[in-house]
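Colleague: let's see this in three dimensions:
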Amino acid sequence: MASYQRLKDSVAMITGASSGIGKAIAIEMAREGASVVINYHKTSEGAEDALAQIEAFGGKGIIVKADVSKEEDVKQMFDKTLEAFGKLDILVNNSGRQVDAPFLEMTLDEWEAVISTNLTSQFICSNLAARQFVKQAEANPSQEANAIGKIICMSSVHDMIPWAGHVNYAASKGGVLMFMKSIAQELAPLKIRVNAISPGAIKTPINKEVWSDPEKMPALMDLIPYKRIGKPEDVAKLAVWLSSDESDYITGEAIYIDGGMMLYPEFADNG
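Modeller: Sure, this is the predicted structure:
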């Protein structure tokens, strides 16, 4: 696989990087020259596999266990990052969770579990990252035009598409979208870029029940005009580009990577 070292000398923190999209982003960013912080919450096997792959092609990384919905855990993760690499340049808020239930049956615990992981964690991590970016810029003033730090918020097509039976998830992603835009507006004068990636159906453990079942796949394909499910690597390549100087004039944008799902294919022959 080609590598252009677009993130050379950068340090990237990826939350929820032990599987799926986060793991692919960690590997791809390391391939592009970044030293990566591979965060996981419960089991370390996926994080260890990601680091092994990274080290096999000469990349650098560390593994940090942290519950990113808890501020003390996140502070410790930042401390370990700075201890290992001395700085931070890129934050990818990737940690996500689904706890599904019909609205009339959903409990407050189920609501709060998803909101805390999907939305509150992005506030905690982004707040600490932005502070670190500013601190680094003040310590090393430069006349360069490029950003002093980059934040990517992982959202979903469900930041725009309602999703019955998943109200906590959809609400969290709608919150991520406006959170991203609001801090992007506030942080742009400081030369901190903030963007979101909003994936559609991606082949990850969170939706394995669908893509691993041949009987369920046709219904999913009806929602995807491009007629294939996405791969974590598709999202990883976009994350690299958004973190590189190639996208330096982009901030406050959500990029939908969904094979056309946001085109509302139900209306293709029913207008």
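
Colleague: quick one, what contacts Gln5?
Modeller: Contacts for Gln5 (C-beta atoms under 8 Å, 6 or more residues apart in numbering) come out as 32-33. Every residue, glycine included, has its C-beta placed from N, CA and C.

Colleague: now it: which helix or strand?
Modeller: In the assignment (DSSP states H and E), Gln5 maps to no helix and no strand.

Colleague: now it: phi and psi?
Modeller: phi 50, psi 40 (degrees, to the nearest 10).

Colleague: likewise for Met154?
Modeller: According to degrees, to the nearest 10, Met154 has phi -80, psi 120.

Colleague: distance of it from Leu177?
Modeller: Going from Met154 to Leu177 by C-beta to C-beta, to the nearest Å gives 11 Å.

Colleague: what ranges of the protein fall below the confidence cut-off?
Modeller: Applying pLDDT under 70 to the chain flags the ranges 1-3, 143-144, 271.

Colleague: report the central residue of it.
Modeller: Residue closest to the average C-alpha location in the chain (C-alpha atoms, centre = their mean): Asn94, at 3.0 Å.

Colleague: how far away is that one from Gln122?
Modeller: Taking C-beta to C-beta, one finds Asn94 at 10 Å from Gln122.

Colleague: what of Asn207?
Modeller: 21 Å.

Colleague: compare these two and say which is more crowded by neighbours.
Modeller: Using other C-beta atoms under 10 Å as the criterion, Asn207 and Gln122 rank with Gln122 on top: 29 against 16.

Colleague: can I assume the more buried one sits in a strand?
Modeller: No - per DSSP: H, G, I helix; E, B strand; the rest coil, Gln122 lies outside any strand segment and is helix.

Colleague: the closest residue to it other than its chain neighbours - how many residues pack around it?
Modeller: The shortest distance from Gln122 to any non-neighbouring residue, by C-beta to C-beta, 6 or more residues apart in numbering, is to Asn93 (4.3 Å). Look at Asn93: counted by other C-beta under 10 Å, it has 31 neighbours.

Colleague: could you give the bridge partners of Asn93?
Modeller: Going by DSSP bridges, Asn93 is paired in beta bridges with Cys153.

Colleague: residues contacting it?
Modeller: Asn93 touches 15, 121-122, 125-126, 151-154, 176, counting by C-beta under 8 Å, 6+ apart.

Colleague: with Gly200 instead?
Modeller: Counting by C-beta under 8 Å, 6+ apart, Gly200 touches 156-157, 223-224, 230, 256-259, 261-262.
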